[in-house]
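In: Whatever this is, show me its structure:
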Amino acid sequence: MKTLANRQTLLCAALVLLFGAVYVFVHHKASYTFPVPWPDESGFLWQSIAVQENNSLLIPQMNPERHLLRIPPGYMIVTGIVFKVFGFSFSLARTLSLLCILASFLLLAMIVGRYDTPVVSLILCGLFLLSRDFVIAGNVARMEALTLLLLCGGFLLFQLEKDYKALALMALTPLIHPGGLFFLSAAGLYFLLGARFRKVRWCRSDLGLLAGVALLWLAYGLYIGWHWEAFKHDMAWNFGKGHQKTPWQTLVALFKPRNFRILLLVALSGAYGLKERLPSTLLLMLAFPGWLLNKVRSDMWYSVFETLFFLLLAVFLIHVAVDLVGGASGRRARWRRVSTIVVTVLVLLLGYYKDQRIEDPRTYPGGMTWWDMRLPAQVPYLSEADVKQVRSFLEELADSKLVLNVQVFPRADTLFFYQAGDPRIRFWQPLFYRPKVDVYIVHASRYLPKKIQATLKQELKDTGIDPAQPSRILFRRDDSEVWYYRVVGESAP
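Out: Prediction:
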């Protein structure tokens, strides 16, 4: 029996390494096209750079007159501290997301390994790790990957009956990502309704962690209080962008046939899990907010939370199916148990494959698409030579000015050219502020999705750049990668 357990542990360790290695390979292949540099990335990373360089949350590249409070600053503070140690680079920022996703996968492996059918559950985790939503989350400089890491850590601590530490960790998530409030609420309900406070004793370290988190919340509250008018304005702007659904829209969305079937499945399987006291019911309760979040707020980047829900729902449903067929005390019972697992897994995989929750192995990874974005072919989105040419052009212009004010489109491309300690060139990504701009740089690429292409056309028009004029082309590479420019006040040759 001990030998079997050791073999199972070795197999699980090998699977973790295998899936992790494939994920790193796909991350490398995804490069800067899956996804392309997104405005959100630079919008967040400018604040990280402000933390790194000035120990401040004021973002001079976006608005030097006031603080921007569109989102809690936890992610920006964490990445800013990392940049203090290692220096800033766009590549490092995305690599941090990669590391967070890999660490989350390791925690998920530990979580499912403590329940029945650990190998099958781990294989499911690996298939989801390699899905488009997890690949995207690990290759974009946003807060979803760090939030997932905290959530998985909280799940594991709940599983280990270290509830107060779990609550402390879950209470950090809203300071990283607004969606963390959904998961924190679920964790609080689980703790209270399950009367966990009666079963789990707290210790001094628990009290210290909870006090530390409370101080962080207090600090954030004071920060909001000091910038209250800016906070009210930015929240109104944030919720007015169309991502947030009204209560009525949310209710209608929940009762669409597909969503209603999922709700019914969660309710029935969850009720069975509670009645039979299945330990894995915890996973369903803590993961369900990921699905609900996507029904309340429509944001393309939040899809990874919904995918996490479907993964843990699958793990839970396997445990429900095994419990329904009873124990495996005899040979016939063992065969019944094995066949139940096989049939359940096949049905789940078929459903998730049709729903594009897992990928087609025949075309993986090149066949993956996400919002019109795909992995690159031989032509890169950006090369070192591109960066050198743009930098050289800007440095030549900067020699004739005290400060050269530059605006780049797509906005996140700016991060490739930014160099700390160069006072001659000031990059701008303004928000609620109108700077004086001396030169515009616009990058047109075959890899830009329709959403960005439409914005790019408008940016070309607004900046006075006519793409049909050869004189507006700074340089062209591989036919499709074109860099346009316009120096303000300079007439076209």
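In: Tell me the buried residues in stretch 54-66?
Out: For stretch 54-66, the neighbour count (16 or more other CB atoms under 10 Å) marks Leu57, Leu58, Ile59, Pro60, Gln61, Met62, Asn63 as buried. Heads up, the C-betas are built off the backbone N, CA and C, glycines and all.
In: hey, C-alpha coordinates of that stretch in CSV?
Out: The C-alpha trace of stretch 54-66 is given here as CSV (Å, rounded to 0.1, in the frame of the first residue of the first chain):
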residue,chain,number,x,y,z
ASN,A,54,9.5,57.6,-6.4
ASN,A,55,7.9,55.4,-3.7
SER,A,56,4.7,57.1,-4.8
LEU,A,57,1.4,56.1,-6.3
LEU,A,58,1.2,59.3,-8.3
ILE,A,59,1.6,58.5,-12.0
PRO,A,60,3.4,61.4,-13.8
GLN,A,61,3.1,59.7,-17.2
MET,A,62,-0.7,59.6,-16.9
ASN,A,63,-1.6,62.5,-14.7
PRO,A,64,0.9,64.6,-12.9
GLU,A,65,-1.7,66.8,-11.2
ARG,A,66,-3.6,64.2,-9.2
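In: Now do the strands in this protein.
Out: For the chain, the strands defined by DSSP state E occupy 369-370, 373-374, 404-409, 425-428, 439-444, 473-477, 481-487.
In: Mind putting these into JSON lines with mean pLDDT, distance to Val112 and mean neighbour count?
Out: Below are these laid out as JSON lines (pLDDT from 0 to 100; distance: least, CB to CB, whole Å; neighbours: other CB atoms under 10 Å):
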{"stretch": "strand 369-370", "mean pLDDT": "94", "distance to Val112": "26", "mean neighbour count": "16"}
{"stretch": "strand 373-374", "mean pLDDT": "94", "distance to Val112": "30", "mean neighbour count": "20"}
{"stretch": "strand 404-409", "mean pLDDT": "94", "distance to Val112": "44", "mean neighbour count": "22"}
{"stretch": "strand 425-428", "mean pLDDT": "94", "distance to Val112": "45", "mean neighbour count": "21"}
{"stretch": "strand 439-444", "mean pLDDT": "96", "distance to Val112": "43", "mean neighbour count": "21"}
{"stretch": "strand 473-477", "mean pLDDT": "94", "distance to Val112": "46", "mean neighbour count": "15"}
{"stretch": "strand 481-487", "mean pLDDT": "94", "distance to Val112": "43", "mean neighbour count": "20"}
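In: In a markdown table, list those strands along with distance to Glu276.
Out: Shown next, in a markdown table, are those (distance: least, CB to CB, whole Å):
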| stretch | distance to Glu276 |
| --- | --- |
| strand 369-370 | 38 |
| strand 373-374 | 43 |
| strand 404-409 | 57 |
| strand 425-428 | 59 |
| strand 439-444 | 57 |
| strand 473-477 | 62 |
| strand 481-487 | 58 |
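In: Out of those strands, the one nearest Leu324 is which?
Out: strand 369-370 (36.2 Å; CB to CB).
In: Show me the strands paired with the closest one, marking each as parallel or antiparallel.
Out: Sheet partners assigned to strand 369-370 using DSSP bridges are listed as strand 373-374 (antiparallel).
In: ok so, going back, need the buried residues of stretch 54-66 in a markdown table with distance to Glu396 and pLDDT, can you?
Out: What follows is those, written out as a markdown table (distance: CB to CB, whole Å; pLDDT from 0 to 100):
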| residue | distance to Glu396 | pLDDT |
| --- | --- | --- |
| Leu57 | 34 | 97 |
| Leu58 | 31 | 97 |
| Ile59 | 28 | 96 |
| Pro60 | 24 | 95 |
| Gln61 | 22 | 95 |
| Met62 | 26 | 96 |
| Asn63 | 29 | 96 |
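In: quick revisit: now for the strands of the chain, which one comes closest to Gly80?
Out: Of all the strands of the chain, strand 425-428 comes closest under CB to CB, at 17.2 Å.
In: counting contacts, what elements does the closest one pack onto?
Out: Applying 3 or more CB pairs under 8 Å, 6 or more residues apart in numbering; DSSP states H and E, one finds that strand 425-428 makes contact with helix 384-398, strand 404-409.
In: Quick one: closest of the ones you listed to Ala454.
Out: Taking CB to CB, strand 404-409 is the member of these nearest to Ala454, at 12.4 Å.
In: And the contacts of that closest one?
Out: 394, 397-398, 414, 417, 424-430, 435-443, 455-456, 459, 463 (CB atoms under 8 Å, 6 or more residues apart in numbering).
In: which neighbours does that strand have in its sheet, and in what orientation?
Out: Take DSSP bridges as the rule and strand 404-409 pairs in its sheet with strand 425-428 (parallel), strand 439-444 (parallel).
In: which other residues reach the shortest one?
Out: Which is strand 425-428. 61-62, 394-395, 398, 403-408, 414, 417-419, 435, 437.
In: Now tabulate the strands paired with strand 404-409 in CSV and tack on distance to Leu348.
Out: Formatted as CSV, those follow (distance: least, CB to CB, whole Å):
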stretch, distance to Leu348
strand 425-428, 48
strand 439-444, 42
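In: out of the ones you listed, nearest to Leu265?
Out: Comparing the strands paired with strand 404-409 by CB to CB, strand 439-444 comes nearest, at 45.4 Å.
In: now the closest one: how far from the chain's centre is it?
Out: 28 Å (CA atoms, centre = their mean, to the nearest Å).
In: got the angle between it and helix 384-398?
Out: Counting by axes from the mean of the first three to the mean of the last three CA atoms, to 10 degrees, strand 439-444 lies at 160 degrees to helix 384-398.
In: what's the neighbour count on the closest residue to Leu210 other than its chain neighbours?
Out: Excluding the flanking residues, the one nearest Leu210 by CB to CB, 6 or more residues apart in numbering is Ala168, at 5.1 Å. Residues contacting Ala168 under the criterion other CB atoms under 10 Å number 22.
In: Ok, the one 3 residues further on next?
Out: Summarising burial for Ala171: neighbours were counted as other CB under 10 Å, giving 22.
In: Hmm, Val213 and it touching each other?
Out: Yes: when contacts are counted by CB atoms under 8 Å, Ala171 is listed as touching Val213 (4.8 Å).
In: ok, the residue nearest to Asp206 when sequence neighbours are not counted to Arg476 distance?
Out: Using CB to CB, 6+ apart and skipping the chain neighbours, the partner closest in space to Asp206 is Tyr164 (3.6 Å). Going from Tyr164 to Arg476 by CB to CB, to the nearest Å gives 60 Å.
In: now His177
Out: Here His177 is placed at a distance of 39 Å from Arg476 (CB to CB).
In: Val24 is in contact with Leu98, isn't it?
Out: Yes: at 7.2 Å, Val24 and Leu98 qualify as touching, with contact defined as CB under 8 Å.
In: of those two, who's got more company?
Out: Leu98 (20 against 13).
In: Now for that one: which residues touch it?
Out: Leu98 touches Val24, His27, Gly138, Asn139, Ala145, counting by CB under 8 Å, 6+ apart.
In: got it, and Leu460?
Out: Val442, Asp466, Pro467, Tyr484.
In: Report the two members of the residues you listed separated by the largest distance.
Out: Top of the distance list for the contacts of Leu460 (CB to CB): Val442 and Asp466, 11.2 Å.
In: which two in the buried residues of stretch 54-66 are spaced the farthest apart?
Out: Leu57 and Gln61 (12.9 Å).
In: surely Ala141 meets Leu92?
Out: No: Ala141 is beyond contact range of Leu92, at 9.1 Å (criterion: CB under 8 Å).
In: who has more neighbours, these two?
Out: For Ala141 versus Leu92, neighbours defined as other CB under 10 Å are more numerous around Ala141 (26 against 14).
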